[in-house]
Every structure is written in C-alpha cells, then in structure tokens.
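Q: What follows is a predicted structure for the sequence shown.
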Amino acid sequence: MEWTPEAEAYLKKVPFFVRKKVKREVEKYLQERGKKRITLEDLLEAKEALLSKMSEAEKGYEVSGCFGVDSCPNAIMASSHLLSSLERILEEEKLTQFLTSKVGPKLKAHHKFKVCLSECPNACSQIYICDFALHGVVKISVNPKACSFCGSCVEVCEENAIELTEFGPTINEELCVGCGHCLKVCPESALSEEFRGYKVYLGGKLGRHPRLATFLDYYKAEDIPELLRKVLYLYKKHNQKGERLGAIIERLSWERFVKELRDLV
Ligand code: SF4
Ligand code: SF4
Ligand code: SF4
C-alpha cells in the first residue's frame, strides 16, 4: 500500500522492533475499509481503533503458567492439571458475567481477574502482578548427623542461605527461597523434603496504583482450588465497580481480608 510522507514519518516514531507488525496491522485495518493510500489521518484513525481493540478483553479472567516441568529443569511442581481446574473454577464462578455487570459489556484487559502460576520461585510468569498467584516451593529439613561435609549444598545455593558449621548445615529461613537445588545435590540423607507445594500471593496489579501481590501462606496443590473459590467469594462480595482484588485489599486492609478469608468454612 502507498503511504503519504506524513504517514511514513509518523510510523517512524514507532519503536523499530514492533514497527513492521504495526505497519501490517494498520494496512490490514485500512484495506478492510477500502483504502489504497494511507494518509496521516487514516493512520491516526487506525491507531485509535487498534489500541482500543487491544485493551478490550473477551473474558473477565486470565490464567497463565510458566514453561513448566516438561521443558524446565527448575520446576518443582507439575501444574498443568491444577491450572486447568483453576480455569474451570473461574468459568463456573461466571467471572466474565460478574465483571460485565459491574463495568458494562466492554471489558478491558485491566479488569481481568488474573491467575498466574510459576512452577518454581523464579516466578517467570510475573506472578507478583496477578490477583491470585502461586509458585512451586520446597521446604528443606536438615539431619546434621547424616552430613558428610562435602559442601555441595553451600556451593549450589544462590541465596547464600546455607551455612556449614562444625555440627552440620543450617538453613537461614529468611534467605531460603525454596528452590530445592540443595536437595538435588546432597549425596547423603542430610537434606530432605519437609514440604512440597505452593506459596500463594494475593492482590498484585499494575495500572495507576500498582501493587505487588502479598504473601498469604503455603498450600498443598489439592487445597488451592478451594482457596481460589474463597478468594473469589470475597472478591465478589466486596467488589463495588469491577476493581481489582488488590484495590479491594487496600480498601479493607490486608488483616481484615485475611481474617474474612480464614473465617470462611
Ligand atoms: S518459573 Fe521456574 S519452572 Fe517456570 S519456567 Fe521459570 S524457571 Fe522454569
Ligand atoms: S532450597 Fe534453594 S534457596 Fe533454599 S537453601 Fe536450598 S538451594 Fe538455598
Ligand atoms: S550437600 Fe549434604 S552432605 Fe554435603 S554438606 Fe550439604 S548437607 Fe552435608
């Protein structure tokens, strides 16, 4: 398609790594409307329409995971089954209908209730900006008597959480992120698994008032679906106009939200 010099000059303002894609989208949009030549006015019209389309959401929720156990050696939990059941709950709870009743038929991406899961503490799926977020974790228990003082655990721990004393290893709980790497390299039974499951975080979001998700607790995989149902119950109960969970938590206070959550049977 032909572009006027003004339209070409405007297009050059788009960052180079997305310029080709933007050009393609604009041409497609305008071709569908019978245009053969793109003026600056056409380009601005296409820009507005495409940006508005981008921000629209078909569903009132989104579920995302990381690469996971099939392709990542860091994975602690295999979570595809859990992700499917969480998605089913969001569907059963009619999140889309709930949100459209609050904000009208045109949902935007920022209205969505986001569930994010990472299979290890590296948190590749940006869990800290999601409403309901979790990552796989392992808690280590130490049996100093079985330690052969090889030092492998100290070497492998990127958090410097392990100290090898004359009595054996000690783990600093404040520093340990629960990645389980030390467990994999210990040649003895000095390190073992005390817990394998998820750390759950609530109320993360971006937007005008960004908020990182707050750590709630450790949960076994089988308890997560019930927890999500309870969180959704409170999210709906306290939702005034389609705000994100983080905004509700800020309004009520974290302490009150957690108390209400724990009081639910
Ligand atoms: S979060 Fe962990 S398991 Fe998932 S892709 Fe990232 S490193 Fe791998
Ligand atoms: S679980 Fe990970 S962070 Fe914790 S002590 Fe072991 S290697 Fe270090
Ligand atoms: S890797 Fe195991 S045996 Fe080696 S120092 Fe650490 S706890 Fe002891």
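A: That came through, no problem. Ligands and ions are numbered 1, 2, ... in the order given.
Q: Which residues of the stretch 151-265 of the chain lie near ligand 3?
A: 151-153, 164, 169, 185-188, 190-191 (CB under 6 Å from any ligand atom). Bear in mind the C-beta positions are built from the backbone N, C-alpha and C, glycine included.
Q: Kindly recompute the last result at 8 Å.
A: Proximity of the stretch 151-265 of the chain to ligand 3, by CB under 8 Å from any ligand atom, involves residues 151-154, 162, 164, 168-169, 182, 185-188, 190-191.
Q: Of the residues you listed, which is the nearest to ligand 1?
A: When these are ranked by distance to ligand 1 (CB to the nearest ligand atom), residue 182 comes first, at 16.2 Å.
Q: sorry, back to before: just the residues of the stretch 151-265 of the chain next to ligand 3: which are in helices?
A: Under the assignment DSSP state H, these contribute 152-154, 182, 185 to helices.
Q: Just the buried ones out of the residues you listed, please.
A: Taking 16 or more other CB atoms under 10 Å as the criterion, what is buried in these is 152-154, 182.
Q: Tell me the one among the residues you listed nearest to residue 62.
A: Set against residue 62, the nearest of these by CB to CB is residue 182 (34.3 Å).
Q: Go ahead and confirm that closest one touches residue 155.
A: No: with contact defined as CB atoms under 8 Å, residue 182 does not reach residue 155; the gap is 9.2 Å.
Q: Please enumerate the strands of the protein.
A: For the chain, the strands defined by DSSP state E occupy 2-3, 37-38, 61-64, 113-118, 132-142, 162-165, 168-171, 191-202, 214-219.
Q: Just name the most buried of those.
A: With neighbours defined as mean count of other CB atoms under 10 Å, those peak in mean count at strand 113-118, which reaches a mean of 26.
Q: Now do that one and strand 191-202, the angle between them.
A: Angle, strand 113-118 to strand 191-202, by axes from the mean of the first three to the mean of the last three CA atoms, to 10 degrees: 160 degrees.
Q: what's in contact with strand 113-118?
A: Applying CB atoms under 8 Å, 6 or more residues apart in numbering, the external contacts of strand 113-118 come out as 60-66, 79, 82-83, 86-87, 90, 95, 99, 124-127, 129-136, 198, 228, 232, 235, 244-245.
Q: do stretch 80-98 as well
A: Counting by CB under 8 Å, 6+ apart, 58-61, 63, 65, 68, 107, 113, 115, 117, 132, 221, 224-225, 228-229, 232, 236, 239 sit against stretch 80-98.
Q: What sits closest to residue 6 if chain neighbours are left out?
A: Nearest-residue entry for residue 6: residue 40, 4.1 Å, with adjacent residues in sequence omitted and distances by CB to CB, 6 or more residues apart in numbering.
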